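Chemist: Return atomic coordinates for the entry below.
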Amino acid sequence: MPLGGAGDRLVCGAVASRTGRGCRAGRGCRVGGQRMPGGRGGRFPLLLLALLLLLLLPLAAAVSARGARLEPAGRAVLITGCDSGFGHLLALRLHRLGFTVFRLQREAGAAGRLRVLRLDVTRARDVRAAKELVLSHLPERGFWGLVNNAGISTFGETGWLPMETYEKFADVNLLGSIRTTLAFLPLLRKYKGNRSNISPYFFQLARPADKYVIEFTMTDCTLVSFTSCFQVCIIQPGNYARSTKIQPPLSAEEIWSELSEEEKAVYNKEYVQERANFFNNILNEGSTNGNEVVDAMVDALTSPAPKARYMVAKLKEKALVFVCALFPTVVMDCVLSYALSKVKLA
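Modeler: All right, here's what the predicted structure looks like:
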């Protein structure tokens, strides 16, 4: 008798009456002398198929993305901080790919598809002039990308740095990024372009507060992008100090000579020398291959589905960031304080 007939129901009923429980065909009940499909044996292939699909979908997406790269010709990209480092390398790479590149730096020059504009991101007048020049030289496909790369760096404990240094940090790294973004936001909306921001995360727990505010601003821009149809990406390089000129080696003598008498009463020269040596060792361990970061920048500008965040770093640096995010701040503060307290204060 075929499965599902009256006889089958009688067999199941007999089993139920003997056991005192309802028929559970999904648990392997035999109906008409045959084992019913389903139960654990039936669910396992479905779970295996679902897992296989989860593994294959990212691969398919990656293959699809590689096959649908953006056509650079006729599109303009503006980059700040191109005197050296990542900005300089990115400008040359994008120019070779066929983009019209506006590189903003301290000195102007060049022409054609690679235009070098003089720009100090701390001056609203310079930003307005750069925008006017970009508008007058836009290629046929318009404005595609803005890369906020300009930034400065320094080192020192809280009391070591004068107020002027904090103000300069905020004006370049934070307000400079916002100032440039506000100027070119209408163009990004109009041409549905991309915006990327360099947001260093190395030594995440000790980085300047302006970088947190920049990421908050970038998150806000991401929300705006949902209605404006442009992409927002954050590039997070690890220790690439030897690939850029953003941070020169430290001199303990110079640091000591600039300390106030109050700070000299707290810190001795040995402590200052230890901190300078510690930081210089970190600089010396930095990668010299800045093209790894540039690869991520190019992907953010050309991929049909760019990532919201690119973390370009060594495995141990990524592990450090993961651990810092995993444990409570109070625990990491204790660990870092212990690691940095090799030399006692005076």
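Chemist: mind listing the helices in the stretch 1-150 of the chain by residue range?
Modeler: Ranges of helices within the stretch 1-150 of the chain are 6-19, 39-66, 85-97, 124-136, based on DSSP state H, counting those that start in this stretch.
Chemist: And the ones you listed, which one averages the lowest pLDDT?
Modeler: If those are sorted by mean pLDDT, helix 6-19 sits at the bottom with a mean of 39.
Chemist: Which residues does stretch 131-140 contact?
Modeler: Gly74, Arg75, Ala76, Leu78, Thr100, Phe102, Arg115, Leu117, Phe143, Ala183, Phe184, Leu187 (Cβ atoms under 8 Å, 6 or more residues apart in numbering). C-beta coordinates here come from the backbone N, C-alpha and C atoms, glycine included.
Chemist: how about the strands in the protein?
Modeler: For the chain, applying DSSP state E gives strands covering 30-31, 34-35, 76-80, 100-105, 114-118, 143-148, 194-198, 231-237, 309-312.
Chemist: Tabulate those (a markdown table), appending mean pLDDT and distance to Pro162.
Modeler: Conversion of those to a markdown table gives the following (pLDDT from 0 to 100; distance: least, Cβ to Cβ, whole Å):
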| stretch | mean pLDDT | distance to Pro162 |
| --- | --- | --- |
| strand 30-31 | 47 | 86 |
| strand 34-35 | 50 | 82 |
| strand 76-80 | 93 | 25 |
| strand 100-105 | 85 | 26 |
| strand 114-118 | 80 | 28 |
| strand 143-148 | 92 | 26 |
| strand 194-198 | 66 | 25 |
| strand 231-237 | 86 | 28 |
| strand 309-312 | 89 | 33 |
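Chemist: Stretch 168-175: which residues count as buried?
Modeler: Within stretch 168-175, the residues scored as buried using 16 or more other Cβ atoms under 10 Å are Phe169, Ala170, Asp171, Val172, Asn173, Leu174, Leu175.
Chemist: Stretch 316-332 too?
Modeler: Within stretch 316-332, the residues that count as buried by 16+ other Cβ under 10 Å are Glu317, Leu320, Val321, Cys324, Met332.
Chemist: hmm, which two among those are most spread apart?
Modeler: Greatest spatial distance in the buried residues of stretch 316-332: Glu317 and Met332, 15.1 Å, computed using Cβ to Cβ.
Chemist: could you dump the buried residues of stretch 316-332 to CSV with distance to Gly193 and pLDDT?
Modeler: Output for these, formatted as CSV (distance: Cβ to Cβ, whole Å; pLDDT from 0 to 100):
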residue, distance to Gly193, pLDDT
Glu317, 30, 85
Leu320, 34, 81
Val321, 29, 79
Cys324, 33, 79
Met332, 38, 77
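Chemist: and of these, the nearest to His95?
Modeler: Glu317 (30.1 Å).
Chemist: The closest one contacts Tyr240, doesn't it?
Modeler: No - in this structure, Glu317 is not within contact of Tyr240 by Cβ atoms under 8 Å, at 10.3 Å.
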